[in-house]
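Peer 1: Pasting a predicted model and its sequence here:
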2 protein chains.
Amino acid sequence: MMGGVGTPVAALSARRSDPAAEAWEAMSRVFMATRGRMLSVARELDLSPPQVVALRFLHDGRPMGELAEVMHCDNSNITGIVDRLEQRGLVERRPAQRDRRVKLLLLTEEGTRVRQELEHLLGEPPPGIAGLSRADQRALRDILRRALALD
Amino acid sequence: MMGGVGTPVAALSARRSDPAAEAWEAMSRVFMATRGRMLSVARELDLSPPQVVALRFLHDGRPMGELAEVMHCDNSNITGIVDRLEQRGLVERRPAQRDRRVKLLLLTEEGTRVRQELEHLLGEPPPGIAGLSRADQRALRDILRRALALD
DNA sequence: GCCACAAGGTTGAACTTGTCAAGTTTCTAG
DNA sequence: CTAGAAACTTGACAAGTTCAACCTTGTGGC
């Protein structure tokens, strides 16, 4: 830990011998360690963190309201974020035919490119995960997929 | 999935048969699913998301600059966040004796209480993890601890 | 001791985010 | 046809983020 600064977080409290809580604590630590990377990727692509989240949650034809829902924020908030993505030419709004109150979001060519770049950079596993044995990696993947199936 | 809204993210791209990337993708999905809980916990305790992060990264005697470093943001940013935490009586500033330029952060009694509440609420594993078999939970914990040792 | 310089933190300006309360347009039910 | 709801926008205001400029305090060379 060369450039480190000591314990990043004071003791996260996982009740001893509660393996779920202990696993979750470890998982939270792995994620906290990747905060920096996410922020520098955003900077590199000249996007704010919410714009990154929005782009990742976006897919062609997704209504604004749905984006607001998955991002857990207000509709009025999405308006501004999409405004700026649109100004940058990454996204377009198109009223839905079936209900013209609804605006569907479409990625432009450039938007698709940026989004792919984003997934490429953020999809890279952090060193801790990349450094695990292949058996551990497979076990981790399988366990987490079981967890996702329960959500 | 009753109130669901379809696929939250369009395909995160994990190269096939790269178990590390697949594991990381699954892990990212688990985390995305907990965004909402983090936000509602923040609301419940009347804290902004950055204040939550700051409180979690805080420990008694931590210098402001160190907090800025672990939060990956500018010193000037921390000034404002700490200002508001101080106004709410959760934190105090005290100049370090050895170097009076440095301000050390101390949790007040109330600050300690809120921080514990925070760890309690956010330390609760999400349903997907809690619903795993005990063997899976232990395996997950052990693998992630190995990953942390590599960071 | 004195001086230039660096380091930790604060301030102010410009912008983005987030929230809430109207407001507009477009459905939908009765 | 009309009352009300739904989807988005607008405006106002607090908070976060970044940058440059600043103030105070340490540090090293002389």
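Peer 2: Perfect, thanks for sending it. Everything numeric here is computed off the predicted structure, so don't read it as measured data.

Peer 1: Please give the element, helix or strand, for the spatially most central residue of chain A.
Peer 2: Centroid-nearest residue in chain A: residue A:53, 5.3 Å away (criterion: CA atoms, centre = their mean). Assigned by DSSP states H and E, residue A:53 belongs to helix A:49-57.

Peer 1: isn't the residue nearest to the centre of chain A right up against residue A:71?
Peer 2: Yes - contact status for residue A:53 versus residue A:71: in contact at 6.1 Å, counting by CB atoms under 8 Å. Every residue, glycine included, has its C-beta placed from N, CA and C.

Peer 1: quick one: contacts for the residue nearest to the centre of chain A?
Peer 2: Applying CB atoms under 8 Å, 6 or more residues apart in numbering or on different chains to residue A:53 gives the contacts residue A:71.

Peer 1: Look up the pLDDT of it for me, please.
Peer 2: Looking at residue A:53, its pLDDT is 97.

Peer 1: separation between it and residue A:21?
Peer 2: In this view, residue A:53 and residue A:21 are 27 Å apart by CB to CB, to the nearest Å.

Peer 1: likewise residue A:125?
Peer 2: 24 Å.

Peer 1: between those two, who's got more neighbours?
Peer 2: Using other CB atoms under 10 Å in any protein chain shown as the criterion, residue A:125 and residue A:21 rank with residue A:125 on top: 25 against 21.

Peer 1: For the more buried one, give me its contacts.
Peer 2: Residues near residue A:125 by CB under 8 Å, 6+ apart: B:20-21, B:23-24.

Peer 1: Max pairwise distance over these: which two?
Peer 2: Across those, the longest distance by CB to CB is 7.3 Å; it joins B:21 and B:23.

Peer 1: Just the pLDDT at residue A:15, thanks.
Peer 2: At residue A:15, pLDDT is 62.

Peer 1: try residue A:151
Peer 2: Per the predicted model, pLDDT is 80 at residue A:151.

Peer 1: number of nearby residues for the residue nearest to it when sequence neighbours are not counted?
Peer 2: Counting by CB to CB, 6 or more residues apart in numbering or on different chains, residue B:128 is the residue found nearest to residue A:151 once chain neighbours are left out, at 4.6 Å. By other CB under 10 Å, 19 other residues sit near residue B:128.

Peer 1: what's near enough to touch residue B:128?
Peer 2: A:147-151, B:30, B:33.

Peer 1: Going by secondary structure, it is in what exactly?
Peer 2: Here residue B:128 sits within helix B:127-130, counting by DSSP H and E.

Peer 1: now do residue A:81
Peer 2: Residue-wise, residue A:81 maps onto helix A:75-87 under DSSP H and E.

Peer 1: Residues contacting that helix, please?
Peer 2: Residues contacting helix A:75-87 (CB under 8 Å, 6+ apart): A:50-51, A:54-55, A:64-65, A:67-68, A:71, A:91-93, A:105, A:111.

Peer 1: What strands flank the following helix or strand past that helix, and is each parallel or antiparallel?
Peer 2: Sequence order places strand A:91-95 as the next helix or strand after helix A:75-87, per DSSP H and E. Applying DSSP bridges to the sheet, strand A:91-95 is found paired with strand A:103-107 (antiparallel).

Peer 1: quick one: is the helix holding residue A:81 near DNA strand D?
Peer 2: Yes - judged by CB under 7 Å from any atom of the strand, helix A:75-87 comes into contact with DNA strand D at A:75-76, A:78-80, A:82-83.

Peer 1: Can I get the residues you listed in a markdown table including neighbour count and pLDDT?
Peer 2: Output for those, formatted as a markdown table (neighbours: other CB atoms under 10 Å in any protein chain shown; pLDDT from 0 to 100):
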| residue | neighbour count | pLDDT |
| --- | --- | --- |
| A:75 | 11 | 97 |
| A:76 | 8 | 97 |
| A:78 | 22 | 98 |
| A:79 | 13 | 98 |
| A:80 | 10 | 98 |
| A:82 | 22 | 98 |
| A:83 | 12 | 98 |
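
Peer 1: so which of those residues also contact DNA strand C?
Peer 2: For DNA strand C, the contacts drawn from these by CB under 7 Å from any atom of the strand are A:76, A:80.

Peer 1: Pull out the buried residues from stretch A:109-127.
Peer 2: Under the neighbour-count criterion of 16 or more other CB atoms under 10 Å in any protein chain shown, stretch A:109-127 has A:111, A:114-115, A:118-119, A:122-123, A:125-126 buried.
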